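[1] structure for this input, please:
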Amino acid sequence: MLAPFTIALSAFVVVFCGVWAGMALYRELSVRRAVLEKVRHETATDFRLEGADRRHGKRDGIMALFGKVGRLYAGEKTPKYSVLRLQFLQAGIRNRMAIPAFWGVKIALMAALPLVFFTFRLASIVMSDTIATLAIGCGLALAGSYIPDAWLRVRISGRKTRISRSLPDALDMLVVCVEAGLALDAAIHRVAEEIQLTYPELSDELRLYYLELRAGTAREDALNNLARRTDLDEVQSLASLLIQTDRFGTSLAQGLRVYADSFRTKRFMRAEERAATLPTKLLIPLVFFIFPALFVVIVLPAAMRIYYAFIVAEF
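    Residues are numbered from 1 along each chain as shown. Sure thing, here's the model as predicted:
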């Protein structure tokens, strides 16, 4: 009698132990990999960049192939090129070959999806309506032109979310560096180095800001470029604060501390707002998934007893 239960319990224990061991091993390997990456970055940056260039060689070749097609559609002097260039910067893609390759992929999808559909339709035995076939082909062409734009929007949204989540910690580190006596530019560079592993997106943006300063760009222009690349209200407010502080000579550390406190307060209020909407969001799963299961668990035994007591007993 207990054999099926024992087998099921043993299988559950084995699977649970295997999953737990796999998660522990993955966590250990992740920590070790992060430490190795930090050591390699500090001791062998040139070799790492050379290896990255070799790994990305094939990808650059594919981008060049699609770029030849994309340059026929939109050149670098068209208005849509500048708009798309800003969107790619907001997505964290700074390769100049990416924009022609983007147009090339869009044109290829617009041609490939209807072509594949028409090929399968002609190869099929069942004949279909010509108007419906043409409509589906046009819909696939529109979908092919929309897929790259959707991918770009998703990438921009995800990157903005990650940068927004990393801002509080970066602001706290920036306040500590400024209060320790570092200048603003040196403090931003130091923060970019410290958060490279934990928040790579924000670290890249701060590094690019520091490189613009070293190239001779004015601080106000560099801060405005930083806000334009991230496309976040929080970064725009921070850039305005730093510009006003530099222009009027007010206390930088005090202004950063006040802004960091207000930013954390705003983030806490946003979390409370999301928590307040949870009961409404949980209504649908409660009604369609949890309540039916509870109804079956509670009512079914009573219904079976009533059935056996009044119906089966009569016979």
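[2] where does this structure have its least confident helix or strand?
    Least confident helix or strand, the chain: helix 45-55 with a mean of 44, by mean pLDDT, DSSP states H and E.
[3] residues near Ala276, how many?
    9 (other CB atoms under 10 Å). C-betas here are computed from N, CA, C, even on glycine.
[4] pLDDT score assigned to it?
    pLDDT, Ala276: 85.
[5] can you give me the helices in the chain?
    3-43, 45-55, 57-73, 79-90, 98-123, 130-179, 184-194, 200-214, 219-230, 233-248, 252-276, 278-281, 283-285, 291-306 (DSSP state H).
[6] pick out the shakiest of those helices, pLDDT-wise.
    Across the helices of the chain, helix 45-55 has the smallest mean pLDDT, namely a mean of 44.
[7] report the separation between Ser164 and Ala227.
    Plainly put, Ser164 is 13 Å away from Ala227 if you go by CB to CB, to the nearest Å.
[8] same check, this time on Glu272
    Glu272 sits 27 Å away from Ala227, going by CB to CB.
[9] tell me how far Phe288 lies from Leu86.
    43 Å.
[10] how about Asn224?
    To Leu86, Asn224 is 13 Å away according to CB to CB.
[11] next one: Leu206
    Plainly put, Leu206 is 19 Å away from Leu86 if you go by CB to CB.
[12] so for those two, which residue has more residues nearby?
    A count of neighbours by other CB under 10 Å puts Leu206 above the other of Leu206 and Leu86, at 22 against 12.
[13] my read: that one touches Val191, true?
    Yes - with contacts counted by CB atoms under 8 Å, Leu206 reaches Val191, the gap being 6.3 Å.
[14] list residues touching both of the two?
    Ala170 (CB atoms under 8 Å, 6 or more residues apart in numbering).
[15] excluding chain neighbours, what is closest to Arg162?
    Glu201 (5.2 Å; CB to CB, 6 or more residues apart in numbering).
[16] test my guess that that neighbour contacts Thr161.
    No - the pair Glu201 / Thr161 is not scored as a contact, 9.7 Å apart, by CB under 8 Å.
[17] more neighbours: which of these two?
    Glu201 (18 against 12).
[18] would you mind measuring from that one to Glu234?
    Counting by CB to CB - Glu201 and Glu234 are separated by 14 Å.
[19] and for Gly144?
    On the measure of CB to CB, Gly144 and Glu234 end up 36 Å apart.
[20] tell me, how many residues neighbour Gln90?
    The number of residues packed near Gln90 is 20, by other CB under 10 Å.
[21] got it, and Phe88?
    Neighbour tally, Phe88, other CB under 10 Å: 19.
[22] can I assume it is in contact with Ile99?
    Yes - counting by CB under 8 Å, Phe88 touches Ile99, with 6.2 Å between them.
[23] with just CA atoms, put stretch 84-99 into PDB.
    Included here for stretch 84-99 are C-alpha records, laid out as PDB according to Å, rounded to 0.1, in the frame of the first residue of the first chain:
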ATOM      1  CA  LEU A  84      17.300  56.300 -35.300                       C
ATOM      2  CA  ARG A  85      20.800  57.200 -34.200                       C
ATOM      3  CA  LEU A  86      19.500  58.600 -30.900                       C
ATOM      4  CA  GLN A  87      17.300  55.600 -30.400                       C
ATOM      5  CA  PHE A  88      20.300  53.300 -30.800                       C
ATOM      6  CA  LEU A  89      22.300  55.400 -28.300                       C
ATOM      7  CA  GLN A  90      19.400  55.000 -25.900                       C
ATOM      8  CA  ALA A  91      19.500  51.300 -26.400                       C
ATOM      9  CA  GLY A  92      23.200  51.200 -25.700                       C
ATOM     10  CA  ILE A  93      24.300  50.400 -29.300                       C
ATOM     11  CA  ARG A  94      27.000  52.800 -30.500                       C
ATOM     12  CA  ASN A  95      28.300  51.000 -33.500                       C
ATOM     13  CA  ARG A  96      27.800  53.100 -36.600                       C
ATOM     14  CA  MET A  97      27.200  50.000 -38.700                       C
ATOM     15  CA  ALA A  98      24.200  49.100 -36.600                       C
ATOM     16  CA  ILE A  99      21.800  51.600 -38.200                       C
END
